[in-house]
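*Asks:* When you get a sec, could you give me coordinates for this:
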Amino acid sequence: MLQTLIPLFVDALASAALIFFVAVGLTLVFSVLRVLNVAHGSFYSIGAYAAASLGLWIVSAGLPDWLTFPALVLSAAFVALLFGPLVENTLVRWTYGKSDAVQVLVTFGLFLILEDLQKMVFGVQSLYQDTPMSMLGITELGGIVYLNYQLLLIVLAGVVLVALRLFIGHSRTGRLIAAVVADREVSQALGIDTNRMYTIAFTLGVFLAALGGAMATPTSGVSPGLGADTMVLAFAVAAIGGLGQVEGAAIASLIVAVAKVLAIYFAPEFDAVAPYVVMLAVLLVKPYGLFGSPTTRRI
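*Replies:* The predicted structure is shown next:
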């Protein structure tokens with residue numbers, strides 16, 4: 001029994017780690033900017049393409065294989081610095097204070113543009129670069145074989161969660177962002193540069209999404225359409241945990257991952273719908289998500 005349950009649980013944790021990166025970025029952006037960023041999934045797939053392309057170049061150039069590890073993080077950082085300030089200062093900033101429908105339409109238009117941009121830059125062929133996973137090898141415990149790369153993903157997700165809480169709760173920038181979340185008008189009156197805080201929060205959200213895509217590349221590769229699938233799943237996770245809740249995103253990622261893994265193991269025909277069945281069940285009981293709560297709306 002344990003030989004079945006333990007690998008299943010490890011698979012769920014590794015899957016939850018990848019889902020968490022993109023979902024926590026989405027929920028962070030919403031908590032600060034109050035914008036439902038439909039284009040968030042595109043940053044995930046762009047990060048995956050960038051990491052795969054850079055990794056393939058490192059291998060083909062004969063450089064040391066270990067460079068493919070920092071390449072994963074550097075690719076995500078590059079995508080964040082390239083798209084974060086640019087997108088937030090132009091399209092996203094224009095939607096502040098406008099209706100949810102306008103925000104969704106604008107970011108959906110951006111999603112379509114970025115999807116076509118990926119095809120122009122990277123082509124329509126799938127990319128796969130598994131050097132980081134191959135280098136780490138496997139570990140056998142009690143007759144059960146684990147991919148060390150999966151264990152690395154689990155640890156990294158935990159590090160990101162702790163780092164986010166420390167950043168928001170203990171750094172000066174994090175506290176300024178928390179103040180803007182609490183009340184933008186009062187923050188402006190106190191002299192806080194709210195536009196700068198918005199740019200930082202949005203760029204951090206892009207980095208987390210791109211990091212999720214980059215870290216997923218060694219296990220699953222990247223192909224056209226990945227952004228759309230990821231976007232829908234990220235919204236489901238954010239809704240389950242409660243929009244704007246970092247810890248909620250972590251727990252919801254685990255719940256969704258367990259549902260997906262159980263479906264794959266025991267009912268493969270329900271693999272695609274399992275996360276959304278969970279979302280429906282949670283929202284029927286708690287319409288604001290597990291950790292969400294109704295908020296007053298200023299008119």
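
*Asks:* All the helices of the stretch 151-299 of the chain, residue numbers only.
*Replies:* 172-182, 184-189, 194-220, 226-241, 246-266, 274-285 (DSSP state H, counting those that start in this stretch).

*Asks:* who wins for proximity to L114 among those?
*Replies:* Comparing the helices of the stretch 151-299 of the chain against L114 with C-beta to C-beta, the closest turns out to be helix 226-241 (7.2 Å). In this view, the C-beta of every residue, glycine as well, is placed from N, C-alpha and C.

*Asks:* Buried residues, that closest one. List them.
*Replies:* 226-227, 230-231, 233-241 (16 or more other C-beta atoms under 10 Å).

*Asks:* Show me which of these is closest to R184.
*Replies:* Within those, the smallest distance to R184 is 21.3 Å, found for A238 (C-beta to C-beta).

*Asks:* Count the neighbours of the nearest residue to F167 once chain neighbours are set aside for me.
*Replies:* Excluding the flanking residues, the one nearest F167 by C-beta to C-beta, 6 or more residues apart in numbering is G174, at 4.4 Å. Residues lying near G174 (other C-beta atoms under 10 Å) number 19.

*Asks:* same question, V160
*Replies:* Quick note: V160 (other C-beta under 10 Å) scores 20 neighbours.

*Asks:* Equivalent analysis for W57, please.
*Replies:* For W57, using other C-beta under 10 Å, the count is 13.

*Asks:* same question, A272
*Replies:* With other C-beta under 10 Å as criterion, A272 counts 11.

*Asks:* got a list of what the closest residue in space to D271 that isn't next to it in sequence touches?
*Replies:* Spatial nearest neighbour of D271, excluding adjacent residues (C-beta to C-beta, 6+ apart): A263 at 4.6 Å. Shown in contact with A263 (C-beta atoms under 8 Å, 6 or more residues apart in numbering): 270-271, 274.

*Asks:* Poorly predicted segments of the stretch 151-299 of the chain, please.
*Replies:* Along the stretch 151-299 of the chain, the model assigns pLDDT under 70 to residues 293-299.

*Asks:* Can you give me the neighbour number for the residue nearest to K260 when sequence neighbours are not counted?
*Replies:* Using C-beta to C-beta, 6+ apart and skipping residues adjacent in sequence, the residue nearest K260 is A274, 5.4 Å away. Applying other C-beta under 10 Å, we find 19 residues neighbouring A274.

*Asks:* Please list all residues in contact with A274.
*Replies:* By C-beta under 8 Å, 6+ apart, A274 lies in contact with 256, 259-260, 262-263.

*Asks:* Of those residues, which qualify as buried by neighbour count?
*Replies:* Neighbour counting by 16+ other C-beta under 10 Å classes 256, 259-260, 263 among these as buried.

*Asks:* so where's the stretch 1-150 of the chain shaky on pLDDT?
*Replies:* In the stretch 1-150 of the chain, residues with pLDDT under 70: 1-4, 141-143.

*Asks:* Let's see that with 50 instead.
*Replies:* By pLDDT under 50, the stretch 1-150 of the chain contains no weakly predicted segment.

*Asks:* ranges for the helices of it?
*Replies:* Using DSSP H, counting those that start in this stretch, helices in the stretch 1-150 of the chain cover 2-33, 40-60, 68-87, 93-94, 100-122, 131-136, 148-170.

*Asks:* Can you say which of these is nearest to M197?
*Replies:* helix 2-33 (7.1 Å).

*Asks:* by contact count, what packs against that closest one?
*Replies:* Packing partners of helix 2-33 (3 or more C-beta pairs under 8 Å, 6 or more residues apart in numbering; DSSP states H and E): helix 40-60, strand 144-147, helix 148-170, helix 172-182, helix 194-220, helix 226-241, helix 246-266.

*Asks:* mind listing what's buried in the first one?
*Replies:* Yep, that's helix 40-60 we're talking about. Under 16+ other C-beta under 10 Å, the buried positions of helix 40-60 are 40-56, 58.

*Asks:* tell me which strands and helices that helix is in contact with?
*Replies:* Against helix 40-60 (3+ C-beta pairs under 8 Å, 6+ apart) you get helix 2-33, helix 68-87, helix 100-122, helix 131-136, helix 194-220, helix 226-241.

*Asks:* Take the ones you listed and lay them out in TSV including distance to R184.
*Replies:* Below are the helices and strands packed on helix 40-60 laid out as TSV (distance: least, C-beta to C-beta, whole Å):
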stretch	distance to R184
helix 2-33	10
helix 68-87	19
helix 100-122	16
helix 131-136	41
helix 194-220	6
helix 226-241	21
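
*Asks:* The residue lying closest to S31 once chain neighbours are set aside: neighbour count?
*Replies:* Residue nearest to S31 in three dimensions, not counting chain neighbours: G244, with 3.4 Å by C-beta to C-beta, 6+ apart. G244 sits with 22 neighbouring residues when counted by other C-beta under 10 Å.
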